[in-house]
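J.: What follows is a predicted protein model with its sequence.
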Amino acid sequence: MKVAIRALTLLLAALFCLCPLSAFADTGAPPEVSAPPKILRACVEDIELPLVRRGEALTNIILPEQLRCEVGYNRSYNCPVAWEPLESVDTTRAGWTALRGILLPVPDRFELPDDPTVELPVMVYDEGMEPESLRDNILICDKNGFARPITPVLMPQGGVIEDALPFLAYHAVCTAQNGMTFSAPLRWDLSACDPNETGSYTLRYTPELPPCFAMPESQPYFITSLHVLRTDWIDFSAPLFHERTHTIYCQWYYEIEDPLQVTLEYAVNDGAWQRDETTLSVNMEPPMATGNITSAVITPTSFGVSTAYLPGEEGDNFYFRLTYQGKTTDALHIWYDGHQKIWSGEIGGDRDGGDYNPEDPPPLIQPPPSGGSSGGSSRDPEPELDEPEATSEETADAIAPPAQAEPVQPPAAPPAGEDLWEQVTETSTLISGAQLAKMLASNGDSVLFEKQGVAVELPSAFLRGLNLSDGGTLEVRIEQPDERSFRLKVEVSGLPVSEIGETAVRLPLLLEPAEDPSRLVCTDAGGAEVSAVTYDAQNAVGKMTIRAAGTYRVVYSEPDPPVSAGDVPPAAATGTPEPAPPNSGRLWPVLLAVGAAVIAAAALWLWRRARHG
């Protein structure tokens, strides 16, 4: 009997060791939840500035139902807002006024500021009022609304200059001193251009502003270049420098029937002209001939040469010319400074090559001074234009020599007679259908487009499904409005495309120390969550997936609020079995305690019986 009692006592002790007292503690209390973030500022500058003439009603304004509100560094929410009627704005006096609104609460997402009212600035203008100077960060946009550098544009001799203007610049986005922005059309001065005479023309234009605003003193107007090319012969007068590929690229409107019938010659410094034998590239339509020494490329309507393949040294001057059907072109001059920076221009002879002697070496031309032109044989820099100094990036791009500009052509007017081409700017890539087919042949499941650090991998299946003809165009535009957003636009032959398939995007991201990378999400323009964000801390890059073109933002998702007792479990709404509650797995300590009590009672009964037995 004593042995049985000892065994029961040891079993009871073991059960209490397996069931610590902490198991009886109440662990079902909800965790402490931090308060939702408080709105710091409503971003009314996201709305275009309303402009209204004095005495007229404020109409034709699209007011958003939600307003982006900042809750911390690079953290914002879309907050509902209710606006007062437009009739409440006083337009009887010229100057600044405001349309008021009130932010509406969303308790589970954020806390409203102490004063939830917001004011949208409104400018009431009148003739003769004192204008306010704009900020000097005026942005020039193309006809699709995307910011673009001002680059030279080509047009054929005798063409209509107004047809080319939308591809030079379409409208300006201006910023008032209070940070509000508005769009303004452009007014062009075409007096300096004669579309019937070939040459390079400088065009001046200014935004058409209401009388309440004036151009900044540092930027009274903009200038850009327009090249009028002849159509009856090869024209080298408008060379463009493709910075990304370090390529000099010339286009013309004359069409060469067979590039292999073109004699390609080159010269270095003051050396004699040397012939470069050409080879026809196979499976290319239209045909393309490539120089065996210089790797220069000749198509029916263009000529290109990359400095990466030129056998030269720093300070060398290169010259190229073409002879076709007994006529020789002017010489294309390229000066190489050893740092992949190129200046180019044309030298000597009539455009039809009438007074060229093939045996004469080209004249030695000194490298142009920094910021000068490479054309001509003068050692002196060209005289400066008597123009006011311009400091903005757009103006600086506009007055740069043509060789500094990127070869941008409008989607509606691709290079005539040529299918295999690609044109790249800071924010866009425009390629032909033939070039796209070539890219798809050399890529795997996706094709990468990258602008300003934002990388977009369009799926190859989507691109093949476009069934783009060789003469069609694909344009991919990528912009980054701020540090945590990007904008993607895809156009096929000038028509926008929305659905793009599952597309991977990589966006440069810098997180605050307190931010948890696992709480980053990608949202669309309406604030709806689109994708989780995988953060690569080593490279400071966020990776996400989108399925449509548009504007996206990476936001920091706050923890979900606790579910109240009155909330209906999701399973009740869906009809699916409800999972076990979180504390159901903790029932085993109670069962062990009950078993231990039973065993203890049995042991006590046996012990008493032994004493009285």
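T.: Cool, the structure landed.

J.: Packing partners of the helix or strand hosting Ile248?
T.: Per DSSP states H and E, Ile248 falls inside strand 247-251. Under the contact criterion of 3 or more CB pairs under 8 Å, 6 or more residues apart in numbering; DSSP states H and E, strand 247-251 touches strand 240-242, strand 302-306, strand 331-336. The way it works is simple: take the backbone N, C-alpha and C, and place the C-beta from them, glycine included.

J.: pLDDT averaged over the first one - what is it?
T.: Across strand 240-242, the average pLDDT comes to 69.

J.: before we move on, what about the last one?
T.: When pLDDT is averaged along strand 331-336, the result is 80.

J.: Let's have the helices and strands packed on strand 247-251 in JSON lines, adding mean neighbour count.
T.: JSON lines is the format used below for these (neighbours: other CB atoms under 10 Å):
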{"stretch": "strand 240-242", "mean neighbour count": "22"}
{"stretch": "strand 302-306", "mean neighbour count": "23"}
{"stretch": "strand 331-336", "mean neighbour count": "23"}
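
J.: Adding distance to Thr231, write those strands out as CSV.
T.: CSV is the format used below for the helices and strands packed on strand 247-251 (distance: least, CB to CB, whole Å):
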stretch, distance to Thr231
strand 240-242, 19
strand 302-306, 14
strand 331-336, 19
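
J.: circling back to that earlier point, listing partners with orientation, what would you give for the strand holding Ile248?
T.: Sheet pairing of strand 247-251 (DSSP bridges) gives strand 240-242 (antiparallel), strand 302-306 (antiparallel).

J.: and of those, who's closest to Leu448?
T.: Nearest of these to Leu448, taken as CB to CB: strand 240-242 at 18.1 Å.

J.: between the strands paired with strand 247-251, which gets nearest to Trp421?
T.: Here strand 302-306 is closest among the strands paired with strand 247-251 (CB to CB), at 7.4 Å.

J.: tilt between the next helix or strand after the closest one and strand 331-336?
T.: As assigned by DSSP H and E, the chain's next helix or strand after strand 302-306 is strand 317-324. Computed by axes from the mean of the first three to the mean of the last three CA atoms, to 10 degrees, the angle separating strand 317-324 from strand 331-336 equals 150 degrees.

J.: and of the helices and strands packed on strand 247-251, who's closest to Pro259?
T.: Nearest to Pro259 among these is strand 302-306 (9.7 Å), distances taken as CB to CB.

J.: Out of the helices and strands packed on strand 247-251, flag the one nearest Leu264.
T.: Nearest to Leu264, of all these, is strand 302-306, at 8.8 Å by CB to CB.

J.: Give me the residues contacting the closest one.
T.: Residues from elsewhere that reach strand 302-306, judged by CB atoms under 8 Å, 6 or more residues apart in numbering: 234, 236, 245-252, 291, 294-297, 320, 322, 332, 334, 415, 418, 421.

J.: Contacts only, for Pro508.
T.: By CB under 8 Å, 6+ apart, the contact set of Pro508 is Gly453, Val454, Glu483, Ala540, Val541, Gly542.

J.: what number of residues lie near Ile47?
T.: If you count neighbours by other CB atoms under 10 Å, Ile47 ends up with 18.

J.: Model confidence for the residue nearest to Ala461 when sequence neighbours are not counted, exactly?
T.: Closest residue in space to Ala461, ignoring its immediate chain neighbours: Gly501 at 6.4 Å, by CB to CB, 6 or more residues apart in numbering. Per-residue pLDDT puts Gly501 at 87.

J.: right, and Gly501 touches Pro459 too?
T.: Yes: when contacts are counted by CB atoms under 8 Å, Gly501 is listed as touching Pro459 (4.4 Å).

J.: what's the closest of the helices and strands packed on strand 247-251 to Gly315?
T.: The nearest among the helices and strands packed on strand 247-251, by CB to CB, is strand 331-336 at 7.4 Å.

J.: tell me which strands and helices the closest one is in contact with?
T.: So strand 331-336, by 3+ CB pairs under 8 Å, 6+ apart, packs with strand 247-251, strand 317-324, strand 342-347.

J.: Quickly run through the sheet partners of the following helix or strand past the shortest one, with directions.
T.: Where DSSP H and E defines the elements, the next helix or strand beyond strand 247-251 is strand 263-268. Strands flanking strand 263-268 in the sheet, each with its direction: strand 274-276 (antiparallel), strand 317-324 (antiparallel) (DSSP bridges).

J.: circling back: residues of the strand holding Ile248 that come out buried?
T.: For strand 247-251, burial by neighbour count (16 or more other CB atoms under 10 Å) applies to Thr247, Ile248, Tyr249, Cys250, Gln251.

J.: Surely the third one and Pro239 touch.
T.: Yes: in this structure, Tyr249 sits in contact with Pro239. The criterion is CB under 8 Å, and the distance is 7.0 Å.

J.: Can you find the helix or strand in the protein with the smallest mean pLDDT?
T.: helix 393-399 (a mean of 31; mean pLDDT, DSSP states H and E).

J.: Name every strand pairing with the helix or strand following that helix and say which way it goes.
T.: Toward the C-terminus, helix 393-399 is succeeded by strand 422-424 as the next helix or strand (DSSP H and E). Strand 422-424 pairs in its sheet with strand 428-432 (antiparallel), by DSSP bridges.
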